[in-house]
Structures are given as structure tokens and as C-alpha cells.
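>>> model the structure of this input:
(2 chains)
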Amino acid sequence: MKFLAYLVSGISLGSIYAIIALGYTMVYGIAKMLNFAHGDVIMIGGYVSFLAAKNLGVPPLVSVLIAMAVCTVLGIVIEALAYRPLRSAPSLAVLITAIGVSYLLQNSALLIWGANPKAYTPVVSGTLQLFDGQLSISYISLLTVACCIVIMVALTLFTGRTKMGKAMRACSEDKGAAQLMGINVNRTISLTFAIGSALAAIAGALLCSFSPALMPTTGSMPGIKAFTAAVFGGIGSIPGAFLGGILLGVIEALARAYISTQLSNSIVFAVLIIVLLVRPAGLLGKYTQEKV
Amino acid sequence: MKKALVLILALTMVFALAAPSAFADGAFKLGSSGPLTGGAAIYGISVMNGIQIAVDEINAMDDGFQFEFMSQDDEADSGDKAINAYNTLMDWGMQVMAGTVTSGSGITVAAQAFDERLFMLTPSGSSVDLIADKDNAFQVCFTDPNQGVASADYFAANFPGAKVAVIYRNDDAYSQGIRDTFVTEAAAKGVEVVYEGTFTDSTSTDFNVQLTAAQGAGADLIFLPIYYTPASVILQQANAMGYAPKFFGVDGMDGILTVEGFDTKLAEGVFLLTPFSADAEDARTQAFVAEYQSRFGEIPNQFAADGYDAAYILKAALQAAGCTPDMSADAICEALIEVMPTISVDGVTGSGMTWSASGEVSKAPMAVVIKDGVYVTPEF
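Here you go, the predicted structure:
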């Protein structure tokens, strides 16, 4: 029963990683860049939702919608100001810019909201008791898992079935050719950032409901873990991000329960190294040989 | 006309300056330094307010004992600013020090005071390093590891038969230190520890595993020797799990009610070890709280109480040692070092406080419980 409880806590933690990883993987898949500021957009989403609920008194769901709107705009602005001018620059320059944006967001949050932690009120509260109370699952865990599955399915359908999705896949395969076929590459990439950032706002609300101490650094560690999850599952692959996130959460929870709390992070990253040694493209990633 | 005005002003100033020194012949020069500005200012201002009240009360008694008090700002700095504040006080002629307020500056100042043979009693510097190997430095507050001993004693006395789980941060000296002494004392006192969970700075956001394990081990009392930020996460996650043991924190828990957005209902029934409870029934505490409120318009915190007690402890020690205000600082220092381990003082942060020769205080631990969003004395 204890094992089940650990598993449940691992899956709900993993679902949060998965939602964040979906944002990473979307942007990487289409723009071929690692948006390291993603974790900090999550933090901004958390703050916006917190402040909306506190100052405007709106219900939790509305506060999350407001956060999604703000983060979507933020994502588009970041892309337009920081990344678009570097479209043809070497990928290292874009990577460093992304790290710069990450620090900019973190320190702006520090200036605006201060270092004192804020206690986020969970979007749902309560617990589901199973087996005569031997196993309790919080509603927030159930909501997280449900959100994660819905988002994963929706994204898969969106990229596979819609015209915009097709445009995204085209940009992912060959930007130049896509442009020649009449696809507006800039707009497609903007849309990708908008979707990724809206997902970040949802992830922020769920993350803060799960762990309510909201600080300017709230997004960094989950951001790195989710990036790991995305690579673990195969970066660029939507089901891969989902699988990677869940597995990472479960490994982390079980490592913490049965091996050591101090080593749990090391174990997570060690697993990543082993997976990448065996399958360099990640679990579900396609290994493509580059012609030289 | 203008000249006359200037003359009057100048004369007024002379008298204003001369007035305190009129009785200063018979007064001990008491100094203190602490953060009066900057991020830690709340601690320094509280301590100085507490000392000031005690000094005024002492001077108002007609037993011939007088203090002259001066405070300096060290901004909780452990470098130049602490030394500058100390030097300013020494230039003024400080004979005995009720400082410093913070541990960091205290460690710096204590080293210099040790060389220059000045007696110092820190109201609130809780680090062991502050008093280590220095015969002239004493504390009013508990040292960090002592809180572990005090907590275990408190559990043995008030929660017999409790199954205790400890969740602590093992990359933090404060938390680890309290946990170590707690576990040792718990074993000695027969307090049953059924589970110990750790976390680190980078894993301080998810406690579901530790809480599940504690629940599985049958713990009905969780000891949290940690700061209030991770503690607020633990309370939230335990609540989400539907797990409701008793929670017991130490002084790091102080502040949990001030976290913005925190649902204080979650902290309902949480115990914490603090040397001072403003709602205590005894006349001494009530008089102090009333005086503090009328002067400064707020309820005194534990730092104000530590400062208040520091002045009374120094008075008791100076009287016991038979010191007189005309003695030099180093003569007073040697005399006080002799008498400190022999005296016992009742204060608002504990009754029957005694000291070891190494400078640590020994007093009965006081615990408060959070009820309706305020600290109250627990009833059993």
C-alpha cells in the first residue's frame, strides 16, 4: 500500500514534469532551440495566478485562465524580441540568449515581488480515500494527471490533424522549404511559443498547487527536470515528453522512498545518462543519421 | 536678537547634553549593536526597544543601580560594520555589552571583545560559534543544538507515548544540528522516533514521500526542526493527503503566520518552541507586553523579550559580582565571568535561567501552540 502511495505521488509529480516537458519539446521540435526560459515562464504563470486570485478575488480556474493569457503574450514577446532576431545565428548564440532571458525573468520577479515566499492556494483541495483510508490521493494529483493526458492528446491531434499543425511539422522538417511552400515561418514559430507558454501557465498553477511555496526560483529546478524528461523521452516527440515526464517522476519518488532523499536527484540524472548511452535519441526519439 | 537666540539654543544644547551625564557618575555604560537598518532591522530594533524598556525600569528603581545605554547599527554585517559599531561603543566608554543581536556580527565582535576583555551577553545570537572558546561571551537565547534537547524533553514531559517522525534538512547546519541533539536526547528520555526523513535545498518542494512514510510508520507527532518556508509546504501537502498528525517546530517556525497567502487554518494546532509567549499569564510578562505596546504600538516578539532579559541579567550579575561603575571594562569582565555560572535569573524568556561556564544558558523550554492564528500557551 505504501508502494502504491509512492507510485501515486511519483505519477502526479511526473505529470507536472510532463506538462512542462511538452512545452520544451514543442519549441524544440519546431524552432530547433532549447528555450531555457520556459521554467521561468512557469514561475510567472504561478505569480500571475496567485495575484489574480488574491487581488481580484476571482475563482481559481479564472486565475489560471488569466495566467495563461499573460504567459501567452509573454511567450510571444520573448520570442519576438529575443529569439527572432537570432533566427539565422548559430544555435549557441540562441542558447545563451535563452539563459539570459531566464535570468532576466527571475530577477525581474525578484524585483517586483520580492524574495519572500508566497503561499499559493491550491486550485482544488480535498482527498480521495481508497481502501478504507489506507491510500489517499489528493484531488490535485488526479487533476494534474487528467490535465496532462488531455494536453498530450490535444497536442498530438493538433499537430497531426490541423492545418496549423501541418505547418508546424513542415517548419520542423525544413524551414526553408516550408517558406517556399507559402508557410509563414515566423508566425508558426510565434504560435508554437504561444502554445508552449500557455502550457507553462497551466504547469505553474499545478506545480504551485502541489508545492505551494512560490518564489522567484520556483521554476528553475522543475524546468531542468522537465528538460531532462523531454530528452529522456526523445526531444521533439510529444508522446516521448509525456512518457519521459511520468517515468522521471516515478523514478524520483521511488528513489527518494527506497534509496535516499539526498541522492534522488543524482539517481534521476544518472538514469538519464544511462538512457542516452543506450538510446542517444531518447526513448521515443527517432535516430536520424546526418549526411555529411 | 539673533545672537541671543543662538546663545539660548547653545545653552539648551549644553544642558541637554549634560543632563544624562549628571547621574552618569554612578551609571554603568551599557552598549549594544544590532541591525537597525536593512533587511534584518526588525530583529535589531526589537532588541533595542526591549533593552531600553528594561534600562528605564531599572533606572526608575531607587536601589542606586543605574545604566546608561547606547545602541549602534551594525546592519547585521559580520565585517567592518560590526567592528565599527563595536569601536564606536568602546570609544564612548562601554563597560559591558548586551549584544550583538545577530550571530554573524556576534562572532566577529566576540573575537575582538575576547582580546580586549569586554564582557558580552548576546540577547539573540544563537550560534554555538559565538561563545565557543570565549570565556567572556554568554547567551540569553538557546543555542541552536540546545533546541533539540529542549524539544525532546518537552515531548517526554507532555506527549508521553507519542510516535515521533522527524523531517529535517540535512544540508543545513541549523536543521542538522537540532536533529542530532534531538535524536540523542530522545533516545535518553525514551521518546520513540519511528521515522526520520530528510530533504535538501533542491528537494524542498515535494514532501509527499516523507509524509507517506511517516504516516506508514504510524507517526502521530512530526518534529520539524526547519525554517517556516518548507514547513508551510509540509503543512499544505499533509493536508492534501488527509494526514493530520501534531506538528512541532522550533524557532525557525516563527514567521509561518506571516507568509503572504498562507492559509493560517493549516497552522492551527502547530506547536513551536519559542522562548517567549506574549500571552503568558505571569505578571512580569504582562507588564512588559503592556509597556511595549504603549511605547511602540505592537506586541513584542521574542527578540524584544531577549533584549529585555539581557539588561536584567546584566544588572543581576553586576550586583552579584559587587561591581561599581568606576571599575574598568576588563575588571568588570573578569568579575562577571566568575559570577555568571553562579547566578539564577527570572525573566520573561524563562524562569530560573542559569549559565554554564562556556556561556550557554539553561532554562525550561517554552512552547506555544497556534490557535485562531495567534500563539497561545498550550494546555494539557
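>>> show me what from chain A comes close to chain B.
A:1-2, A:5-6, A:9, A:13, A:50, A:54, A:116-122, A:125, A:127, A:129, A:133, A:136, A:138, A:140, A:210-215, A:218, A:221-222, A:253, A:256-257, A:261-262, A:264-265 (CB under 8 Å from any CB of the partner chain). Backbone N, C-alpha and C define where each C-beta goes, glycine included.
>>> make a PyMOL selection of the buried ones in the residues you listed.
Per 16 or more other CB atoms under 10 Å in any protein chain shown, the buried members of the residues of chain A next to chain B correspond to this PyMOL selection:
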select buried, chain A and resi 5+6+9+13+50+117+118+119+120+121+122+127+136+138+140+210+211+212+213+214+215+218+221+222+253+256+257+261+264+265
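>>> let's see which of the residues of chain A next to chain B end up in strands.
Assigned to strands by DSSP state E, the following of these qualify: A:118-119, A:127, A:129, A:136, A:138, A:213-214.
>>> in the residues you listed, find the pair that's most separated.
Spanning the widest gap among those are A:118 and A:129, at 29.8 Å by CB to CB.
>>> on that earlier part again, make CSV from the ones in strands among the residues of chain A next to chain B and add pLDDT and distance to residue A:25 to it.
Shown next, in CSV, are these (pLDDT from 0 to 100; distance: CB to CB, whole Å):
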residue, pLDDT, distance to residue A:25
A:118, 82, 29
A:119, 83, 31
A:127, 76, 32
A:129, 76, 36
A:136, 76, 32
A:138, 81, 27
A:213, 83, 27
A:214, 86, 25
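>>> out of those, flag the one nearest to residue A:40.
Set against residue A:40, the nearest of those by CB to CB is residue A:214 (12.8 Å).
>>> quick one: that closest one from residue B:82, how far?
For residue A:214, the distance to residue B:82 equals 34 Å [CB to CB, to the nearest Å].
>>> ok, and the closest non-adjacent residue to the residue most central in space within chain B?
The residue lying closest to the centre of chain B (CA atoms, centre = their mean) is residue B:124, at 3.3 Å. Distance criterion CB to CB, 6 or more residues apart in numbering or on different chains; nearest residue to residue B:124, sequence neighbours excluded, is residue B:306 at 4.6 Å.
>>> that neighbour: what secondary structure?
Look at residue B:306: counting by DSSP: H, G, I helix; E, B strand; the rest coil, its state is helix.
>>> so who does it touch?
Counting by CB atoms under 8 Å, 6 or more residues apart in numbering or on different chains, residue B:306 touches B:47, B:50, B:123-124, B:140-141, B:275-276, B:349.
>>> between these, which is closest to residue A:198?
Proximity of the contacts of residue B:306 to residue A:198 (CB to CB) peaks at residue B:124, which lies at 48.0 Å.
>>> that older thread, the residue nearest to the centre of chain B and residue B:142 touch, don't they?
No: Residue B:124 lies out of contact with residue B:142 (CB atoms under 8 Å); the separation is 10.2 Å.
>>> so where does residue B:188 fall, helix or strand?
Secondary structure from DSSP states H and E places residue B:188 in helix B:173-189.
>>> which other helices and strands does that helix contact?
helix B:144-158, strand B:163-169, strand B:192-199 (3 or more CB pairs under 8 Å, 6 or more residues apart in numbering or on different chains; DSSP states H and E).
>>> between the longest one and helix B:173-189, how big is the angle?
Read that as helix B:144-158. Counting by axes from the mean of the first three to the mean of the last three CA atoms, to 10 degrees, helix B:144-158 lies at 40 degrees to helix B:173-189.
>>> mind listing what's buried along helix B:144-158?
B:144-156.
>>> which parts of the stretch 151-300 of chain B sit against chain A?
So the stretch 151-300 of chain B meets chain A at B:170-171, B:197-200, B:202-206, B:208-210, B:212-213, B:216, B:229-230, B:232-233, B:236-237, B:239-243, B:259-263 (CB under 8 Å from any CB).
>>> SS state for the closest residue to residue A:206 other than its chain neighbours?
Among residues not flanking residue A:206 along the chain, residue A:144 sits closest, at 5.0 Å (CB to CB, 6+ apart). Following three-state DSSP, we place residue A:144 in the helix state.
>>> now for residue A:144, how many residues are close by?
29 (other CB atoms under 10 Å in any protein chain shown).
>>> tell me where the stretch 201-350 of chain B has strands.
With strands called from DSSP state E, counting those that start in this stretch, the stretch 201-350 of chain B shows them at B:221-224, B:246-249, B:271-273, B:345-347, B:350-355.
>>> tell me the contacts of residue B:372?
Contact analysis of residue B:372 by CB under 8 Å, 6+ apart lists residue B:268.
>>> relative to residue B:159, how far out is it?
For residue B:372, the distance to residue B:159 - CB to CB - is 22 Å.
>>> pLDDT weak spots in the stretch 1-150 of chain A?
A:132-133 (pLDDT under 70).
>>> tell me the confidence at the residue nearest to residue B:124?
Note for residue B:306: predicted pLDDT of 92.
>>> next up, the contacts around residue 264.
Assuming you mean chain A. Shown in contact with residue A:264 (CB under 8 Å, 6+ apart): A:252, A:255-256, B:203.
>>> nope, chain B
By CB under 8 Å, 6+ apart, the residues touching residue B:264 are B:257, B:370, B:373.
>>> does residue B:323 touch residue B:337 like I think?
No: the criterion here is CB under 8 Å, and residue B:323 misses it with residue B:337 at 11.8 Å.
>>> dump stretch B:61-74 to CSV, keeping only the CA atoms.
What follows is stretch B:61-74, C-alpha atoms only, in CSV (Å, rounded to 0.1, in the frame of the first residue of the first chain):
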residue,chain,number,x,y,z
MET,B,61,14.0,51.7,40.8
ASP,B,62,15.7,53.5,43.8
ASP,B,63,18.3,50.9,44.6
GLY,B,64,21.1,53.1,43.4
PHE,B,65,21.8,51.0,40.4
GLN,B,66,21.9,52.9,37.1
PHE,B,67,22.5,52.0,33.5
GLU,B,68,23.4,54.4,30.7
PHE,B,69,22.5,52.8,27.4
MET,B,70,23.8,53.4,23.8
SER,B,71,22.9,51.4,20.7
GLN,B,72,24.7,51.3,17.4
ASP,B,73,23.7,50.0,14.0
ASP,B,74,25.7,47.1,12.5
